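>>> Return a 3D structure for these sequence lines:
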Amino acid sequence: IRRQISEDQAEMTGFIETTAQRKAEAEEAAQRKAEAEDAAQEAEKDAEARIKAAKNTKALLQSEIDTAEANKRKAEQEAQSAEKDLRQLQNRLDAFRHRYETLFPVSSDELEYLKSAALDIRSSDSLQSVISRLEFSYDQNQIITFLMELNTSQIIALCGDPGTGKTTFARQMANALGAKFHLIEVQNNWTDRSDILGFFNPTNGTYQSTPFLDALIEARDEEEYSLRHNCDSRLHIICLDEMNLARVEYYLSDFLSVIESREKAADGTIGTVSCAQYEGGIPDNLYIIGTVNMDETTFPFSKKVLDRANTIEFSFVNLEPIFDIEGDEVDPLQLSNSFLKSEYLVLAKDCAAEEEYVIKICEELQELNEILGKANAHVGYRVRDEIVFYLLNNKKADYLLTEEQAMDKEIMQKILPRIQGSSASIKDLLLELFKFCMNGQSIPDLDNGNVGKQMKQLADNAKYPESAKKIGFMMERYEEDGFTSYWL
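Next up, the predicted model:
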């Protein structure tokens, strides 16, 4: 019995140990299951997060695609609208040109000459061949001078007696260049900037514009459009007809001051500061052409105006009509602002490559200025710069005018208009200037009288014949009236 009991106890102990081992194995399996379930849950959560992130990324990409497509559609619509606007503008220009040419017919030969002169401004051979083939009612050098002055300055004054074709010349040149021509008649009651730039009308709460301001804004809008679309802007020419019926330095004072602030940006564009209440500044594609009559109904120019404007005298008049006009009608050139855009703004910076030539010009100008200083008529840096720029443009154009002809034009346009008066110093100044123009050649005999008449006879042999002849006229007037000025 005891042996049986011992065997049973041993068997029971083995059973208990086996049971305990199986229980431990079962608990371990349960723990592994729990861990596996936790891992499965984590994996499920991670997969859900990845799916959510992928959906968000897909939505974001879809949103960007939708935005890009919308921008594309908008750009296409803007392009279509711009093309429509350009077509409408071209139609308006064609209609305007048709009406314009109907009112002011231009012969095909005249228009072809102007076009050729403008197109070949930088080719002396081509231009001279055109000049030799055509008879034109304007002086040939006058046309060359006009184009080169536009290339130098934005303000030009055409001076002469009434009826000599100053306004017609400006219109025909604008037509030949394909420029927009704005004719504005100056009134004798213009006294300040509001007459050209407008004013705020407090009675109706609106701004009262003017034709001058409208032309300024139109030129600025076209310039800004050309900058946005990387193309050249069209030329705009404002003709102030009889500009000195009122005092130019009064109504145009802001424009004359702001034009001095022109600066060249890094991209090559030229801009100015704001012009009074107009914040856009003066556009680079805008040019002012003033017609000037010097008689008892007008005002003389101040030095402020003469410093900034180049004066071209209209004394050549050919009264013989031209009837044998042959050839077909010729369309105007469509030249952009880059054709007349100035390359020179700052003497020291823009002309460094032509240092030797510039120094040569300035030495002669210094000699001339010393003569002018004796009568307190000397010029400043602004006049020096414009004369240098004009001669550089002439050189760059392969000498359309000889150096003597170009300097002669500038003495006529920038120096002599400043001289007027009745003092003895004015007479002495005219004598010294005549000697300068003669370059040391024969001079008039002061003891024989009629000095002015002698000057005109000797002028043809002068280094600067046009200026010498003009000085002769001024001296003749001084001898007759005791007073003289450029404006005979």
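>>> Can you tell me the SS state at the residue nearest to Ser425 when sequence neighbours are not counted?
Using C-beta to C-beta, 6 or more residues apart in numbering and skipping the chain neighbours, the partner closest in space to Ser425 is Ala375 (4.4 Å). Where you see a C-beta, it was placed from the backbone N, CA and C, and this is true even at glycine. Secondary structure, DSSP: H, G, I helix; E, B strand; the rest coil: Ala375 is coil.
>>> thinking Ala375 is in contact with Ile426, fair?
Yes: Ala375 is within contact range of Ile426, at 6.0 Å (criterion: C-beta atoms under 8 Å).
>>> Determine the residues that are contacts of both of these two.
Common contacts of Ala375 and Ile426 (C-beta atoms under 8 Å, 6 or more residues apart in numbering): Ile419.
>>> show me where pLDDT drops low in the stretch 101-250 of the chain?
Applying pLDDT under 70 to the stretch 101-250 of the chain flags the ranges 101-139.
>>> Go again with 50.
Regions of the stretch 101-250 of the chain meeting the criterion pLDDT under 50 cover residues 102-106, 110-111, 113-136.
>>> ok, now which ones touch the residue nearest to Ser425?
Contact analysis of Ala375 by C-beta under 8 Å, 6+ apart lists 419, 421, 423, 425-426, 428-429.
>>> got it, and Phe434?
Counted by C-beta under 8 Å, 6+ apart, Phe434 has contacts 443-444, 455, 468, 471-472, 475.
>>> Buried subset of those, written for PyMOL?
To isolate the buried ones among the contacts of Phe434 in PyMOL, judged by 16 or more other C-beta atoms under 10 Å, type:
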select buried, resi 444+455+468+471+472+475
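>>> those helices in the stretch 351-488 of the chain, which residues are they?
355-373, 381-396, 403-410, 424-438, 451-458, 465-481 (DSSP state H, counting those that start in this stretch).
>>> Drop the exposed ones from the contacts of Ala375 and show what's left.
Buried, going by 16+ other C-beta under 10 Å: 419, 421, 426, 429, out of the contacts of Ala375.
>>> tell me the two of those residues that are most distant?
Within those, Gly421 and Leu429 form the most distant pair, 8.8 Å apart (C-beta to C-beta).
>>> The helices of the stretch 351-488 of the chain: which one's closest to Thr297?
Short answer: helix 465-481, nearest of these by C-beta to C-beta, at 19.4 Å.
>>> Show me what the mean pLDDT comes to for that closest one.
For helix 465-481, the mean pLDDT works out to 92.
>>> got TSV for the helices of the stretch 351-488 of the chain, with distance to Thr206 too?
Below are the helices of the stretch 351-488 of the chain laid out as TSV (distance: least, C-beta to C-beta, whole Å):
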stretch	distance to Thr206
helix 355-373	49
helix 381-396	38
helix 403-410	46
helix 424-438	51
helix 451-458	57
helix 465-481	49
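>>> who wins for proximity to Gln9 among those helices?
helix 355-373 (125.9 Å).
>>> so what does that closest one touch, helix or strand wise?
Here helix 355-373 touches helix 381-396, helix 424-438, going by 3 or more C-beta pairs under 8 Å, 6 or more residues apart in numbering; DSSP states H and E.
>>> If we go by neighbour counts, what in that helix is buried?
Neighbour counts using 16+ other C-beta under 10 Å place 358, 361-362, 365, 368-369, 371-372 of helix 355-373 among the buried residues.
>>> Can you check which of the helices of the stretch 351-488 of the chain gets nearest to Ala79?
Nearest to Ala79, of all the helices of the stretch 351-488 of the chain, is helix 381-396, at 38.0 Å by C-beta to C-beta.
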